[in-house]
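Student: turn this into a model:
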Amino acid sequence: MSQGSFNINVYKNLAASLSNMINDETRKDVTFVFKDSEVEIKAHKLVLENASPVFKSMFSGNFAEDDKVEIHDIKPDIFQVLMNGIYLRPISIQESDLEFAADLYYAAEKYDIGDIRDLSSSFMIKNCHSGNIHFLLKKAKMFNLPELEFACKNFFLKNTYEVLCVHFRLKVDDDTYSELFALEGLRIQSEFELYLALQQMWELKRLADYRKCLKQIRFLTMDIRFVLLCDLLSTEEKFAIISNIEARTYNDTPMILMPSHLSTETNSRFTVSYSGNFSEDDKVEIEDIKPDVFQILLNGIYLIPISIKESDVHLAADLYYAAEKYDIEDIRNLSSNFMIKNCHAGNVHLLFQKAKMFNLTELEKTCKNYFAQNTYAVLASHIGLLVKDDTLSELFALENLRIKYEFELYLALQVMSERNIIDDHSKCLKQIRFLTMDTRTVLLCDLIDSEDKCSIISNIEALKYHERSILEMPSDISTETKSRLSGSFSEPQRQRFWIAILLRSDDYTSYLPIFYKFMNIPEESKQIIEKTVQIAREDQVNHETITKLKGIIFK
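Tutor: Alright, predicted model coming up:
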């Protein structure tokens, strides 16, 4: 088929046009001014209304006739980045600038802009470390971000010593640190070491009041010799603790009652071993594990066989988290092995997320290997699934994919972007190796604006003739010239991939000519294929529909 037979749609440059509108000062009809600043930021009301229900309500209400809006609680640089995101411009945040990310989250939350809110939240979760965990936990509580709160607490659990060492140098909030000191399963050898960290921070004036954290220290699990070394305790408090430790040793009633402001907990949270007598009224509240998952955990502890259905990787992931929290190695290994064994096209994205969350290197390796070996199958499945930008971007960056053309990888991304399956396609787009394509296919890449296409084509032609390109490659486009395609792929999987493109894309007619070209469809078959696809799209699109249509077209 000749190049002239390509049906190239021009309408898909809307994103580029919107991005360029930010520079069009003539039509901007609202100006934002800021408290204690001379900075002014102008924008188009229509663009803002379409991006944010808050702006829509604002400009149809009290501010409908106003052309100036005063912002009191957001800094100009944060607001400008918010505007960049609304106009579909790339948002870049330095890894060290967590305060910027938090401020951006606040701005996106205030104006209900989900994409930028999710970007800021994901950035904070991804960049949690010992030096900022205290700051991020405060923001997690402030903004009610359970995933960020979990990331912070989980990091402290697994890196207790590292966080404590760093926080000797930082001023920390009493309430936040008290909450960390109350966690179960800390990776530390003794309660006395936790106390020593508290005493050191108090002596270095890192805390305003040590008593909230002191209440979390389980003195009744210490050796009496160490209790005597705890200088934050009064003599009377030490005697009360020693009296209660001795009473427990001899199953006796203590001579001195424990003070109400000190912990009466007798279970070590380092080994997470529950021992001792519990009366009928004793209760332990579990906030982060579902009842059915906890019941399976208990079944495993009581040596009752654990059964998980092959399709229920969500349950396996939740069970892994529970086993990790309580450090039950056999159940942890069982859950991990289950996820590795049951990785397939429909769940590889979910499992890859869990691998990163739980730091499971074997599961991560399995997911990446599965994607590389079954690229078409995964792409066909993910065209119908909501996926995370960061996860998909990392998969798109892999070498030796079992796929015939780089353009097909791009095409999957374009359809996912059209269907709003992916929040921000720019991260994945950066992994596409456009310089390994031919010029004709670059012209079909509608996620790229015209200027970038010209730059890419210039560089492709320069490579062809071993010359220097007239135009520089854009900074947000890959400059990789080496094909990472293995050349060995499954033709049936490739056929299913193209069927999925035709059935799930919003405007399938624009993809039919590309399909005919890439799959070498003879002229006499095109009309019947178009009618067949049109009929199939009227039914529910699922695995069976794709299989049936594949059998008709590629019989």
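Student: and the gap between Leu180 and Ala197?
Tutor: In this view, Leu180 and Ala197 are 11 Å apart by C-beta to C-beta, to the nearest Å. To be clear about C-beta, it is placed using only N, CA and C from the backbone, and glycine gets the same treatment.
Student: pop out the phi and psi values for Phe32.
Tutor: In terms of degrees, to the nearest 10, the main-chain angles of Phe32 are phi -100, psi 130.
Student: can you count the residues close to the closest residue to Asn132 other than its chain neighbours?
Tutor: Closest residue in space to Asn132, ignoring its immediate chain neighbours: Leu98 at 5.1 Å, by C-beta to C-beta, 6 or more residues apart in numbering. Taking other C-beta atoms under 10 Å as the neighbour definition, Leu98 ends up with a count of 21.
Student: hmm, Leu98 is touching Gly131, no?
Tutor: No. With contacts counted by C-beta atoms under 8 Å, Leu98 stays clear of Gly131, the gap being 9.3 Å.
Student: distance of the residue most central in space within the chain from Val172?
Tutor: For the chain, the residue sitting closest to the mean C-alpha position, by C-alpha atoms, centre = their mean, is Ser122 at 4.9 Å. When C-beta to C-beta is the yardstick, Ser122 and Val172 sit 25 Å from each other.
Student: ok, Arg537 next?
Tutor: As for Arg537, its distance to Val172 is 58 Å (criterion: C-beta to C-beta).
Student: hey, where'd the helices end up in the stretch 351-500 of the chain?
Tutor: For the stretch 351-500 of the chain, applying DSSP state H, counting those that start in this stretch gives helices covering 361-373, 375-382, 389-396, 406-418, 426-429, 439-443, 450-464, 491-504.
Student: which one of Leu180 and Ala197 is surrounded by more residues?
Tutor: Shown here are Leu180 and Ala197; by other C-beta under 10 Å, Leu180 has more neighbours (24 against 21).
Student: give me the secondary structure label for that one.
Tutor: Assigned with DSSP: H, G, I helix; E, B strand; the rest coil, Leu180 falls in the helix class.
Student: give me the neighbour count for the residue lying closest to it once chain neighbours are set aside.
Tutor: Using C-beta to C-beta, 6+ apart and skipping the chain neighbours, the partner closest in space to Leu180 is Phe156 (5.1 Å). Using other C-beta under 10 Å, Phe156 has 24 neighbouring residues.
Student: cool, and Pro291?
Tutor: Residues near Pro291, counting by other C-beta under 10 Å, number 8.
Student: check what pLDDT it gets.
Tutor: For Pro291, the pLDDT comes out at 93.
Student: that one and Ala208: what is the separation?
Tutor: Between Pro291 and Ala208 the distance is 39 Å, computed by C-beta to C-beta.
Student: low-confidence regions, the stretch 51-200 of the chain specifically.
Tutor: For the stretch 51-200 of the chain, residues meeting the criterion pLDDT under 70 lie at 62-65.
Student: tell me where it has helices.
Tutor: Secondary structure of the stretch 51-200 of the chain (DSSP H, counting those that start in this stretch): helices at 53-59, 76-86, 98-110, 114-126, 133-143, 146-158, 160-167, 174-181, 191-203.
Student: show residues contacting the shortest one.
Tutor: With C-beta atoms under 8 Å, 6 or more residues apart in numbering as the contact definition, helix 53-59 has outside contacts at 30, 45, 48-50, 69, 110-112.
Student: okay, buried residues for that helix please.
Tutor: 55-56, 58-59 (16 or more other C-beta atoms under 10 Å).
Student: same thing with stretch 161-177?
Tutor: Along stretch 161-177, the positions that meet the burial threshold by neighbour count (16+ other C-beta under 10 Å) are 162-164, 166-167, 172-173, 176-177.
Student: and the spatially closest residue to Leu379 that is not a sequence neighbour, how far is that from Gln534?
Tutor: If the residues on either side of it in the chain are set aside, Leu379 comes closest to Ala412, at 4.1 Å by C-beta to C-beta, 6+ apart. Distance, Ala412 to Gln534, using C-beta to C-beta: 22 Å.
Student: give me the more crowded residue out of the two.
Tutor: Ala412 (24 against 12).
Student: TSV please, covering the helices of the stretch 351-500 of the chain and showing mean pLDDT and distance to Glu38.
Tutor: As requested, these are exported to TSV (pLDDT from 0 to 100; distance: least, C-beta to C-beta, whole Å):
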stretch	mean pLDDT	distance to Glu38
helix 361-373	94	49
helix 375-382	89	48
helix 389-396	85	36
helix 406-418	92	38
helix 426-429	91	32
helix 439-443	89	44
helix 450-464	91	33
helix 491-504	90	50
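Student: pick the most deeply packed of these.
Tutor: Comparing the helices of the stretch 351-500 of the chain by mean neighbour count (mean count of other C-beta atoms under 10 Å), helix 375-382 ranks first with a mean of 26.
Student: who touches that helix?
Tutor: Contacts made with helix 375-382 from outside it, assessed by C-beta under 8 Å, 6+ apart, are listed as 345-346, 348-349, 370-371, 392, 395, 401-403, 408-409, 412, 416, 421, 489-490, 493-494, 496-497, 499-500, 546.
Student: picking that back up, looks like the residue nearest to the centre of the chain contacts Thr391 (just checking).
Tutor: No. Counting by C-beta under 8 Å, Ser122 does not reach Thr391; the two are 10.1 Å apart.
Student: so, low pLDDT: which residues of the stretch 451-555 of the chain?
Tutor: Where the stretch 451-555 of the chain drops to pLDDT under 70, the residues are 487.
Student: go again using 80 as the cut-off
Tutor: Counting by pLDDT under 80, the stretch 451-555 of the chain contains low-confidence residues at 485-487, 539-546, 554-555.
Student: which residues touch the nearest residue to Val378 once chain neighbours are set aside?
Tutor: Taking C-beta to C-beta, 6+ apart, and ignoring the residues beside it in sequence, Val378 has Ala345 as its nearest neighbour in space, at 4.7 Å. With contact set as C-beta under 8 Å, 6+ apart, Ala345 has these partners: 370, 374, 377-378, 380-382.
Student: repeat that for Ser263.
Tutor: Contacts for Ser263 were tallied using C-beta under 8 Å, 6+ apart; they are 215-220.
Student: what residues of the helix or strand Asn299 falls within count as buried?
Tutor: Secondary-structure assignment from DSSP states H and E places Asn299 in helix 291-301. Of the residues in helix 291-301, those buried under the neighbour-count criterion (16+ other C-beta under 10 Å) are 293, 296-297, 300.
Student: again with stretch 224-233
Tutor: Neighbour counts using 16+ other C-beta under 10 Å place 227, 230, 233 of stretch 224-233 among the buried residues.
Student: list the contacts of it.
Tutor: 190, 192, 195, 198-199, 202, 210, 214, 219, 238, 241-242, 245-246.
Student: drop anything exposed from these.
Tutor: Neighbour-count burial (16+ other C-beta under 10 Å) is assigned, among the contacts of stretch 224-233, to 192, 195, 198-199, 202, 210, 214, 219, 238, 241-242, 245.
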